[in-house]
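Chemist: One predicted model, sequence on top.
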Amino acid sequence: MTSRPPKTASPPQRDPRSPAARTRRDHSQELAQDYVELIADLIEDHGEARVVDLARRLGVTHVTVNRTIQRLQRAGLVSAEPYRAIFLTPAGQRLARESRERHDLVVRFLVALGVPAAVAESDAEGIEHHVSRETLRAFRQYLERAR
């Protein structure tokens, strides 16, 4: 008589609408948002974004930046060639603009609540990636009423 391996239950199906699923999606987009926002800032300030500048600003190695840039290229957010500047595609520009607007709104909201500007700036860096559209709308409405 041969023994059969015990039956295992199939893994539970994840609900894509669950809070945990939303957090996973947010985390997966967080890095892309940070990179395109920084690339846009560097282009605005210096006319170009280079790997060395991104690495210095982010506190990571140029290898890490190169790998991330390759992923962003595959996602259609940046264009880059070895040893050349990095540029945002129209999709990358749109994502950078949306990220900047979300960040600025969160900062303004926190400051309106009495959070010191430097702390609000730092806190917004994490909040901006995980806040829902509904919450952003509420932040905007609060700020408009507070004028």
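Modeler: Arrived safely.

Chemist: what distance separates the start and the end of stretch 112-130?
Modeler: 20 Å (C-alpha to C-alpha, to the nearest Å).

Chemist: Buried ones in it, by neighbour count?
Modeler: Using 16 or more other C-beta atoms under 10 Å as the burial criterion, the residues of stretch 112-130 that qualify are 115, 120, 121, 124, 127, 128, 129. In this view, the C-beta of every residue, glycine as well, is placed from N, C-alpha and C.

Chemist: out of everything not next to it in sequence, what's closest to the last one?
Modeler: Computed as C-beta to C-beta, 6 or more residues apart in numbering, the closest residue to residue 129 that is not its neighbour in sequence is residue 30, at 4.3 Å.

Chemist: Likewise for the fourth one?
Modeler: The shortest distance from residue 124 to any residue that is not its chain neighbour, by C-beta to C-beta, 6+ apart, is 4.1 Å, and that residue is residue 106.

Chemist: got it, and the third one?
Modeler: Spatial nearest neighbour of residue 121, excluding adjacent residues (C-beta to C-beta, 6+ apart): residue 107 at 5.7 Å.
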